[in-house]
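Peer 1: predicted model follows, preceded by the sequence.
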Amino acid sequence: MALPLVLRFLSWIRAIMEILIVRFGGLFSSGKEGPLHVEKIDAGNCDDAYDDGLLLCSATKLARMIREGSVTSQKVLSTFIRRVQTVNGPLNAMVLDVFDSAMEEACKVDKKLADGSAPSAKQCPLYGVPLTCKECFEVRGLPNTSGLKHRRSVVAQEDNPVLRRLRAAGAILLGVSNVSEVCLWFECHNRLYGISKNPYNVQCTPGGSSGGEAALVGAGASVLGIGSDVGGSIRMPAFFCGVFGHRPSAGLVPNDGQFPISTSASSRKMLSTGPICRYAEDLELMLKIMATGPDDVQLLKELNVSRCDEAYAPNSDMASLVVSTDSSSDSNASVGISLQRGAAKLLGDSELASSHSDWPLMHAAAVASLHNPSLPPVDLASLKYTSILDAVTGHSILQSPLDDELREAQIRVATALSQRHGVTVAEKTISKLRTVSDVWSMGMADLKGPKMSEFLFNLPPGCGSQWNSFKELLKWFVGLSDHTFIALLTAILENQFKGLPAAKQNKLRQIRDALEREMEELIGENGVLLFPSHPTLAPRHNRPLITPMNYAHTAVFNMFGMPVTQCPLGLSSKGLPLGVQVVSLQGNDRLTLAVARDLQEAFGGWTPPGTSP
């Protein structure tokens, strides 16, 4: 009898909090009155210096136009810079820009193309195309703070590996984008740079922690974005901002060069660096570039490899390399490399990851499978399709039920796939998904990195308890704190799972392992899963404080290192983006990306802000 009364009391508290946030939320978002969405792109607006029609082109198309000479890189860059300057006032998405150096690079691109000294399209497939990057990644010469004031003087000495690869492929950086404090919340807010807003409705959050990046891409101010995802930090912002976001298979793309980061073996499953794009065709190209490093090429050269003249890959000899299936090769046979999935699946094996013995070889093989031209195009009619709608929602007072429009959108996706490819989409449920929040939190505790309080207050390792929580909350209440409320709350609660009895921790790990096996069996070797990107449309600022467990819809797949692509599906009746996640097993990134392309064709993909629902 007592439990129902407690739950009812908590429901009343939540209702009161929701009323207060809706009524007074503007006090915390510091927003000015104005249009709800950013200025609509006018494709006919152009002159000698810019052409807004270029904002509606994919990166793939822009690269082709620049190389063919139908537009200069300088004009493309100046157009996107102008768009950033137009929308960044209401959005506060780009926090540091490098416009001057970007235009200098564009000028060099145009000169090399004019005199015939430019690298080939195979070497530099993004030659002269603009790019933006999440601020938590190291960018040479720029602060690397993750929204922490005490890191303002920390200036990166070199680019992170992924940015280096994209620059080597010809992309030109415009600037870095806002993040949630320490990248651990799904609103984009910190005391150093302020709060970012959604391009479809500035009263709503763009999500986090890659919220600034998704807002720029969704507003048409960037065409390619670099994000990171440990619990949905690529996919939630991409969903809220109406664009594509891909969380790659565990270990496929390097996570080095970002703050914060854990070096533990389990972090390779949980954390992924990936692309945020407006167009599905750019996801695969960007992923290949992000995943392919010189070590992969060199290692495969040392193995028994096959030559493939028709392959296409960025700025490396990977264009002509695939791992041989010749069983006489002891190196290949000992690891059991598979071009399609086997090697990439091994990337999530925590024992192999911790030993590092075969990690480089497995990564090289997984990357080679991305570039392997002998693999046939994905046959969407041959895939196994499954859909889950309600398994995560409605089981906690801290979670929202699934929004009706999102439910209907996912059903429309299933119907479209059935009609377009003659397939059956089976609707299923998994009861263990109700435990996702607890199990994911246990997984985060297993990362064994510094405590939240050590990040916030720049404390030495092991000294996370040496701060006065009451004092810091009081400072926040009177507006004197250097930290957001959710960051302080997280620091207070962070010991909840680290302090659990060993028996309880082991029980949660058993549930996690059982859930992983059940998910793998449900999806299948050649299958994909449709799953809600979030239980609600993009929420108003601060409302996630009431339903903090809504992240479970994305976090569940981080636990298993699975590839997931968030796909936009048009706009809701309120003008906010709809979307769905497409999930597959480790190494099957090409399946989710192929479905993303198909859904873009069926539903139109990104819908520019200001478009009528």
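Peer 2: Sure, I can see it.

Peer 1: now do the contacts for the closest residue to S431 other than its chain neighbours.
Peer 2: Excluding its sequence neighbours, the residue lying closest to S431 (Cβ to Cβ, 6 or more residues apart in numbering) is A391, at 7.2 Å. No exception for glycine: its C-beta is placed from N, CA and C like everyone else's. Contact analysis of A391 by Cβ atoms under 8 Å, 6 or more residues apart in numbering lists 429-431, 433-434.

Peer 1: what about burial for these, which qualify?
Peer 2: For the contacts of A391, a neighbour count by 16 or more other Cβ atoms under 10 Å gives the buried set as 433-434.

Peer 1: of the contacts of A391, which is the nearest to K112?
Peer 2: Ranked by distance to K112 (Cβ to Cβ), those are led by L433 at 52.4 Å.

Peer 1: quick check: chain neighbours aside, which residue is closest to that closest one?
Peer 2: A391 (3.9 Å).

Peer 1: that neighbour and M559: what is the separation?
Peer 2: Separation of A391 from M559 (Cβ to Cβ, to the nearest Å): 15 Å.

Peer 1: can you give me the pLDDT of the residue nearest to S431?
Peer 2: Note for A391: predicted pLDDT of 73.

Peer 1: over to F470?
Peer 2: In this model, F470 is scored at 86, pLDDT.

Peer 1: same question for G443.
Peer 2: 80.

Peer 1: just L339 next, same as before
Peer 2: Note for L339: predicted pLDDT of 32.

Peer 1: helices along the stretch 401-550 of the chain, start to end?
Peer 2: 404-421, 436-446, 452-457, 469-477, 485-493, 495-498, 502-523 (DSSP state H, counting those that start in this stretch).

Peer 1: gap between the first one and the chain center?
Peer 2: When you say that, I think you mean helix 404-421. The gap between where helix 404-421 is centred and where its chain is centred comes out at 23 Å by Cα atoms, centre = their mean, to the nearest Å.

Peer 1: that helix packs against which elements?
Peer 2: For helix 404-421, the elements it packs on are strand 384-388, strand 425-428, strand 527-531, strand 564-571, strand 577-583, helix 589-603, judged by 3 or more Cβ pairs under 8 Å, 6 or more residues apart in numbering; DSSP states H and E.

Peer 1: who wins for proximity to R164 among the ones you listed?
Peer 2: Here helix 589-603 is closest among these (Cβ to Cβ), at 21.3 Å.

Peer 1: okay, that closest one in PDB with CA atoms only?
Peer 2: Provided in PDB are the C-alpha atoms of helix 589-603 (Å, rounded to 0.1, in the frame of the first residue of the first chain):
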ATOM      1  CA  ASP A 589      27.400  -0.600 -40.400                       C
ATOM      2  CA  ARG A 590      26.800  -1.000 -44.100                       C
ATOM      3  CA  LEU A 591      23.300  -2.400 -43.400                       C
ATOM      4  CA  THR A 592      22.100   0.500 -41.300                       C
ATOM      5  CA  LEU A 593      23.600   3.000 -43.800                       C
ATOM      6  CA  ALA A 594      21.900   1.300 -46.700                       C
ATOM      7  CA  VAL A 595      18.500   1.400 -44.900                       C
ATOM      8  CA  ALA A 596      19.200   5.100 -44.100                       C
ATOM      9  CA  ARG A 597      19.600   5.800 -47.800                       C
ATOM     10  CA  ASP A 598      16.400   4.000 -48.600                       C
ATOM     11  CA  LEU A 599      14.400   5.900 -45.900                       C
ATOM     12  CA  GLN A 600      15.800   9.200 -47.200                       C
ATOM     13  CA  GLU A 601      14.400   8.300 -50.600                       C
ATOM     14  CA  ALA A 602      11.000   7.300 -49.100                       C
ATOM     15  CA  PHE A 603      10.600  10.100 -46.600                       C
END
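
Peer 1: average model confidence for it?
Peer 2: Averaging pLDDT along helix 589-603 yields 96.

Peer 1: in it, what's buried?
Peer 2: 589-600, 602-603.

Peer 1: looking at those residues, spot the one nearest V378.
Peer 2: Nearest to V378 out of the buried residues of helix 589-603 is A594 (Cβ to Cβ; 3.7 Å).

Peer 1: chain neighbours aside, what residue packs nearest to the closest one?
Peer 2: In this structure, A594 finds its nearest non-sequential neighbour in V378, 3.7 Å apart by Cβ to Cβ, 6+ apart.

Peer 1: gap between that neighbour and A156?
Peer 2: Distance from V378 to A156, counting by Cβ to Cβ: 38 Å.

Peer 1: same thing with V367?
Peer 2: From V367 across to A156, the span is 25 Å (Cβ to Cβ).

Peer 1: these two - which one has more neighbours?
Peer 2: Just comparing V367 and A156: by other Cβ atoms under 10 Å the higher neighbour count belongs to V367, 29 against 18.

Peer 1: that one: which element?
Peer 2: Counting by DSSP states H and E, the element that carries V367 is helix 359-371.

Peer 1: next: K112.
Peer 2: helix 99-115.

Peer 1: which parts of that helix are buried?
Peer 2: Residues 99, 102-103, 105-106, 109-110, 112-113 are the ones in helix 99-115 that count as buried (16+ other Cβ under 10 Å).
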